[in-house]
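A.B. asks: Next comes the sequence, and after it the predicted model I'd like to discuss.
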Amino acid sequence: MFDFIKPTVLYVQISPEQLSVRNVKSGESISEVPELAISAPPDQKILGVGATARSVAASQIGALVVNPFAHPRSLVSDFTAGQQLIKAFVSRLMGGSRLAMSPTIIVHPLGNPDGGFTQIEGRAFRELGMGVGAAKVILWYGDVLTDQEMLSGQFSSNGQVIE
């Protein structure tokens, strides 16, 4: 009845090779390399994100390209850059609307590290979602979720929600 009142559900899949953000209700999505171009210190302003990061950085003296999700021991290697990158993707997807309700974000780290993800990594993933402006963050480890599973809140038995 009041479907318009339900908050937007965003599905964020994180891997070193790709960052995907999907608006589950509308079906719109962004899926690009998780890179961020940053100007040289001391400014360190964001110059470009995703697919454009490398070309933008090449045109700026001293600019760096950072992949905050590429580290041999942990999926989150640079928390601040990761948060800015996810925030930029969400903003592009949502059109920068300030009037929209804070979304529910389902964070799905991809990969299967030896021994699973640590509690510290779980906390980092949750805080990444909260820092982007989520009203609620659900942390999911397992198979890729379908839109129906996410909208219903009935997730696959091939994974787990971490509280």
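C.D. replies: On my side now, so go ahead.
A.B. asks: the strands in this protein, which residues?
C.D. replies: Shown for the chain, the strands assigned by DSSP state E span residues 9-14, 19-23, 29-32, 36-38, 46-49, 64-66, 104-109, 136-142, 159-162.
A.B. asks: Tabulate those strands (a markdown table), appending mean neighbour count and mean pLDDT.
C.D. replies: For the C-beta atoms, the positions are set from N, CA and C on the backbone; glycine is no exception. Shown next, in a markdown table, are the strands of the chain (neighbours: other CB atoms under 10 Å; pLDDT from 0 to 100):
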| stretch | mean neighbour count | mean pLDDT |
| --- | --- | --- |
| strand 9-14 | 22 | 96 |
| strand 19-23 | 21 | 97 |
| strand 29-32 | 16 | 96 |
| strand 36-38 | 23 | 95 |
| strand 46-49 | 20 | 94 |
| strand 64-66 | 18 | 94 |
| strand 104-109 | 24 | 96 |
| strand 136-142 | 18 | 94 |
| strand 159-162 | 14 | 85 |
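A.B. asks: Tabulate those (a markdown table), appending distance to Ser152.
C.D. replies: A markdown table is the format used below for the strands of the chain (distance: least, CB to CB, whole Å):
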| stretch | distance to Ser152 |
| --- | --- |
| strand 9-14 | 11 |
| strand 19-23 | 16 |
| strand 29-32 | 19 |
| strand 36-38 | 34 |
| strand 46-49 | 32 |
| strand 64-66 | 37 |
| strand 104-109 | 12 |
| strand 136-142 | 13 |
| strand 159-162 | 13 |
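A.B. asks: nearest to Leu128, of the ones you listed?
C.D. replies: Counting by CB to CB, Leu128 lies closest to strand 104-109 out of those; the figure is 6.6 Å.
A.B. asks: got the contact list for that closest one?
C.D. replies: For strand 104-109, the external contacting residues (CB atoms under 8 Å, 6 or more residues apart in numbering) are 7-15, 75, 117, 121, 125-126, 128-129, 132, 134-141, 144-145, 150.
A.B. asks: and with 6 Å instead?
C.D. replies: Applying CB atoms under 6 Å, 6 or more residues apart in numbering, the contact partners of strand 104-109 are 7, 9-14, 75, 125, 129, 134, 136-140, 150.
A.B. asks: Would you tell me which helix is longest in this protein?
C.D. replies: helix 79-94 (DSSP state H).
A.B. asks: got the buried residues for it?
C.D. replies: Ala81, Gly82, Gln83, Gln84, Leu85, Ile86, Lys87, Ala88, Phe89, Val90, Leu93, Met94 (16 or more other CB atoms under 10 Å).
A.B. asks: Kind regards, and thank you for your time.
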